[in-house]
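# Need coordinates for the following:
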Amino acid sequence: MKVICDRGALVESLNLVGGVIVSRTPKPVLSCIKVTANDGALTLSGTDMEVAVKLTTPRVEVAESGDMLVPSDKLLAIVRESIDATLTIEANDEAAKITGQDSKFTIYGHNIEDYPPIPEYDGDPDFEVSAEELHRLIAMTIFATARENSRYAINGVLVEREKNKLTVVATDGHRLALAKGMCTSHNDTPQSAIVPTKALNLLLRLFDDAEQTVSVKMKDGQIMFATEEATLSTNLVEGNFPPYADVIPKDGDKKVTIATDVLVSAVRRAALLTNEESKGVRMAFDQAGLTLSSRAPEMGEAEIKVEIDEYVGDEVEIGFNPQYLLDALKVADESQVHIDMKAPNKPGVLRTGPQFLYVIMPVNLQ
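The predicted structure is shown next:
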């Protein structure tokens, strides 16, 4: 194998594929990137046996077809530190040679036969979705996933499709984020999958062109996302996702409408005087407006008053984790948010338009 590569494009591609590779593994081949030159294109592949990425890198001249398996970290470090505009990469047996204008490196790799197979995307997609829409749906939910929870199903994000409608849901047991979107369906059978957060974080980086159309296919316990340049495949999270529709309150009789930026500013300021022992912010709603207050022993206390656009219902005081509120408000794509509440010990529901809903459990304020 012999290729001449644009160094900048190669660095970008190696960074993307390297995102799936684990640095510490009992299987040395899993710390490697598979480099394949064929039909005038250079393809980089990586996997951790759960998630796999395949990416065709641009601006490459293929002098000789072939493939090689080289340690990801060493290859990226050499290419990144090079001062050349182009680099020549050659493979000979299990060694790779990277040559620049004033440098030459030899990296010892591994037998290509030892590398696990990377799933191939073939056949028609189940549905297609724009990269812009996919980014929106993931960004509005992924922050609410659990971290290393023993209930494995909530360590991922639920993706449901019914005809041309997509619903994406994430929860960690303390909050739940739900976003709705549209797709182009090629399969009328309803589908549901729990996708690992690692795969979705990689997806956000891999498909970063809003104009791209991403093809999606589910089969054999996997989901695959593909464009002409890249493919991401991942095993699905096993288990049953919680029945999320049952935990969305529908009886909130206290309703507030407030400007998104006003609420963000107020919550941020109130959170300045919270700590691990008292990380809740008290929110008092009435017809006159909203008062946010916080108090932390040996630190002090804060009180912020803000105007609200509309309030319906009796006055209520309820405590929320300010970071949980800010996580949702950061992805809000509307100028106003609507919050429904029932009582201080009942969850609140935050909405921005018809496509985003966020359920947040209250915290006990002493």
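# which residues touch A226?
Contact analysis of A226 by C-beta atoms under 8 Å, 6 or more residues apart in numbering lists 121, 125, 214-217, 232. Quick note: C-beta positions are derived from backbone N, CA and C, even for glycine.
# Go again with 10 Å.
For A226, the contacting residues are 54, 120-122, 125, 128, 207, 213-217, 232-233, by C-beta atoms under 10 Å, 6 or more residues apart in numbering.
# my guess is Y244 contacts L158, does it?
Yes: with contacts counted by C-beta atoms under 10 Å, Y244 reaches L158, the gap being 7.3 Å.
# other SSEs contacting the helix or strand hosting L325?
Taking DSSP states H and E as the definition, one finds L325 inside helix 322-331. The helices and strands touching helix 322-331, judged by 3 or more C-beta pairs under 10 Å, 6 or more residues apart in numbering; DSSP states H and E, are helix 131-139, strand 175-182, helix 260-271, strand 281-286, strand 336-341, strand 348-351, strand 356-360.
# just so I know, which of the ones you listed lies nearest G252?
strand 336-341 (3.0 Å; C-beta to C-beta).
# and that closest one, how far from the chain's centre?
Distance of strand 336-341 from the chain centroid (C-alpha atoms, centre = their mean, to the nearest Å) equals 25 Å.
# quick one: strands adjacent to that strand?
Neighbouring strands of strand 336-341 in its sheet, by DSSP bridges, are strand 254-259 (antiparallel), strand 348-351 (antiparallel).
# average pLDDT for the longest one?
Averaging the model's pLDDT scores along strand 254-259 yields 97.
# what's the answer for stretch 308-328, then?
Mean predicted lDDT for stretch 308-328 stands at 96.
# swap in stretch 81-90?
On average, the pLDDT along stretch 81-90 is 95.
# Break the protein down into its structural domains.
Listed by automatic domain parsing, the domain ranges of the chain are 2-114, 127-245, 248-360.
# on that earlier part again, pull out the buried residues from the contacts of A226.
54, 121, 125, 128, 207, 213-217, 232-233 (16 or more other C-beta atoms under 10 Å).
# that older thread, how about the contacts of A226 in JSON lines, adding pLDDT, distance to E315 and secondary structure?
As requested, the contacts of A226 are exported to JSON lines (pLDDT from 0 to 100; distance: C-beta to C-beta, whole Å; DSSP: H, G, I helix; E, B strand; the rest coil):
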{"residue": "K54", "pLDDT": "97", "distance to E315": "57", "secondary structure": "strand"}
{"residue": "E120", "pLDDT": "91", "distance to E315": "61", "secondary structure": "coil"}
{"residue": "Y121", "pLDDT": "92", "distance to E315": "56", "secondary structure": "coil"}
{"residue": "D122", "pLDDT": "90", "distance to E315": "60", "secondary structure": "coil"}
{"residue": "P125", "pLDDT": "97", "distance to E315": "52", "secondary structure": "coil"}
{"residue": "E128", "pLDDT": "98", "distance to E315": "49", "secondary structure": "strand"}
{"residue": "F207", "pLDDT": "94", "distance to E315": "47", "secondary structure": "coil"}
{"residue": "T213", "pLDDT": "97", "distance to E315": "50", "secondary structure": "strand"}
{"residue": "V214", "pLDDT": "98", "distance to E315": "47", "secondary structure": "strand"}
{"residue": "S215", "pLDDT": "98", "distance to E315": "52", "secondary structure": "strand"}
{"residue": "V216", "pLDDT": "98", "distance to E315": "47", "secondary structure": "strand"}
{"residue": "K217", "pLDDT": "97", "distance to E315": "52", "secondary structure": "strand"}
{"residue": "L232", "pLDDT": "98", "distance to E315": "49", "secondary structure": "strand"}
{"residue": "S233", "pLDDT": "98", "distance to E315": "52", "secondary structure": "strand"}
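# can you put those residues in CSV and add distance to D251?
Formatted as CSV, the contacts of A226 follow (distance: C-beta to C-beta, whole Å):
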residue, distance to D251
K54, 49
E120, 50
Y121, 45
D122, 49
P125, 40
E128, 38
F207, 40
T213, 41
V214, 38
S215, 41
V216, 36
K217, 40
L232, 41
S233, 42
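# Can you give me the buried ones in stretch 98-117?
98-100, 105, 107, 109-110, 112, 115.
# how about CSV for these, with secondary structure and distance to Y311 added?
What follows is the buried residues of stretch 98-117, written out as CSV (DSSP: H, G, I helix; E, B strand; the rest coil; distance: C-beta to C-beta, whole Å):
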residue, secondary structure, distance to Y311
I98, strand, 65
T99, strand, 69
G100, coil, 66
F105, strand, 66
I107, strand, 65
G109, coil, 65
H110, coil, 65
I112, helix, 66
Y115, coil, 61
